[in-house]
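A.B. asks: sequence plus predicted model, see below.
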Amino acid sequence: KILEQFVDVFERQSRVLVQKLATLADGATIVDIYPHVGLMTLDVIAETAMGVSVHAQQDAKSDFVQAVNDVTNIVATRFIRPILAFPRVFKLLRPRQYEKQMAGIEIMHHFTEKIIEERRKALQNKNNAVAETASDAPNAEMWDIGLKPRMALLDVLLQSTTTDGQPLTDAQIRDEVNTFMFEGHDTTTSAISFCLYLLSRHADCQRVLFEEIRNHFGTDTSRPIKYADIQQLTYLNCVVKETLRLYPPIPVIGRWLKEELVLREYLIFCRLQ
């Protein structure tokens, strides 16, 4: 139910993307779709994870947007070059990239910490308002944050507790939100970009998908898209799943060995990744 409430966010940010692409679609120019999709997904993730608008599609050069992109690119580079995975080696061999990464992380942390502080105050004020008006409002529970307005991931974390009943610290909340922002933004961008690429390479599939969407929504492009609509687009579901099969956003899963492992004729020591 919580995810269903964010469909309007997906639609609103997607319409901004479509408007931007319409100015580039002259039928002759080759357009790199990835950065445009990346800005759109960043807008979506920020609003769903933190409940704020970063306007990445309108201001791609803002400090926060640049920091997210810098850290994403650097981490991707380190991932495909195993020697750079070690922090000390990375700092020694790529000092400029190391400094850029740390600067980007600091910007992201500062931004998230500021949002956490503001949302915590808003939550406290909302709870106080509910307590003061509870006797006069028969449906006072509807004023609980998360129902009006919708609940972002940050709101969930602010109201969560550890196994011993203690509230999460700001550092724990910040790390959870940043992980969700970072991973959700990059993986979603990859999936959407590859999906659009495959549709451009397979005109027959693109035509079938277009007809399914046109038959369901008609010619009124201003009609709001609901969660129930998406559930009925069966061919779209197939297209997305086939894209994820061919180009999985996370093709490798890491493991940390607790004990020695013999893989074929090779011995892999414990406590290695």
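C.D. replies: Yep, that arrived. Numbers count the residues shown, from 1 in each chain.
A.B. asks: look up how far residue 216 lies from residue 77.
C.D. replies: 42 Å (CB to CB, to the nearest Å). In short, each C-beta sits where N, CA and C put it, glycine included.
A.B. asks: show me the protein divided up by domain.
C.D. replies: Split into domains by automatic domain parsing, the chain comes to 4-201, 202-273.
A.B. asks: which of these is buried the deepest?
C.D. replies: When those are scored by mean count of other CB atoms under 10 Å, the highest mean neighbour count falls to domain 4-201 (a mean of 16).
A.B. asks: which residues sit in contact with residue 89?
C.D. replies: Shown in contact with residue 89 (CB atoms under 8 Å, 6 or more residues apart in numbering): residue 83.
A.B. asks: how about the one helix or strand it maps to as PDB, C-alpha atoms only?
C.D. replies: Per DSSP states H and E: residue 89 is located in helix 87-93. C-alpha atoms of helix 87-93 as PDB (Å, rounded to 0.1, in the frame of the first residue of the first chain):
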ATOM      1  CA  PRO A  87      40.900   2.000   0.600                       C
ATOM      2  CA  ARG A  88      44.600   2.500   1.200                       C
ATOM      3  CA  VAL A  89      45.500   1.300  -2.200                       C
ATOM      4  CA  PHE A  90      42.800   3.400  -3.800                       C
ATOM      5  CA  LYS A  91      44.000   6.500  -1.900                       C
ATOM      6  CA  LEU A  92      47.600   5.800  -3.000                       C
ATOM      7  CA  LEU A  93      47.000   5.100  -6.600                       C
END
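A.B. asks: any idea how far residue 97 is from residue 89?
C.D. replies: 12 Å.
A.B. asks: what do these two both touch?
C.D. replies: Common contacts of residue 97 and residue 89, defined by CB under 8 Å, 6+ apart, are absent altogether.
A.B. asks: lowest-pLDDT helix or strand in this protein?
C.D. replies: Averaged element by element with mean pLDDT, DSSP states H and E, the chain has its least confident helix or strand at helix 95-133 (a mean of 85).
A.B. asks: list the helices and strands that helix packs on?
C.D. replies: Judged by 3 or more CB pairs under 8 Å, 6 or more residues apart in numbering; DSSP states H and E, the packing partners of helix 95-133 are helix 63-80, helix 87-93, helix 153-158, helix 170-201.
A.B. asks: just the pLDDT for the residue nearest to residue 2 when sequence neighbours are not counted.
C.D. replies: Using CB to CB, 6 or more residues apart in numbering and skipping residues adjacent in sequence, the residue nearest residue 2 is residue 151, 5.9 Å away. Note on residue 151: pLDDT of 71.
A.B. asks: same deal with residue 22?
C.D. replies: pLDDT, residue 22: 92.
A.B. asks: residue 220 now?
C.D. replies: Looking at residue 220, its pLDDT reads 88.
A.B. asks: isn't there a strand covering it?
C.D. replies: No. Per DSSP: H, G, I helix; E, B strand; the rest coil, residue 220 lies outside any strand segment and is coil.
A.B. asks: that one and residue 21, how far apart?
C.D. replies: 20 Å.
A.B. asks: what do you get for residue 54?
C.D. replies: For residue 54, the distance to residue 21 - CB to CB - is 20 Å.
A.B. asks: likewise for residue 67?
C.D. replies: For residue 67, the distance to residue 21 - CB to CB - is 25 Å.
A.B. asks: now do the phi/psi pair for residue 268.
C.D. replies: phi -110, psi 120 (degrees, to the nearest 10).
A.B. asks: pull the contacting residues for the closest residue to residue 208 other than its chain neighbours.
C.D. replies: Nearest residue to residue 208, sequence neighbours excluded (CB to CB, 6+ apart): residue 235, at 5.9 Å. Residue 235 sits next to 208-209, 212 when contact means CB under 8 Å, 6+ apart.
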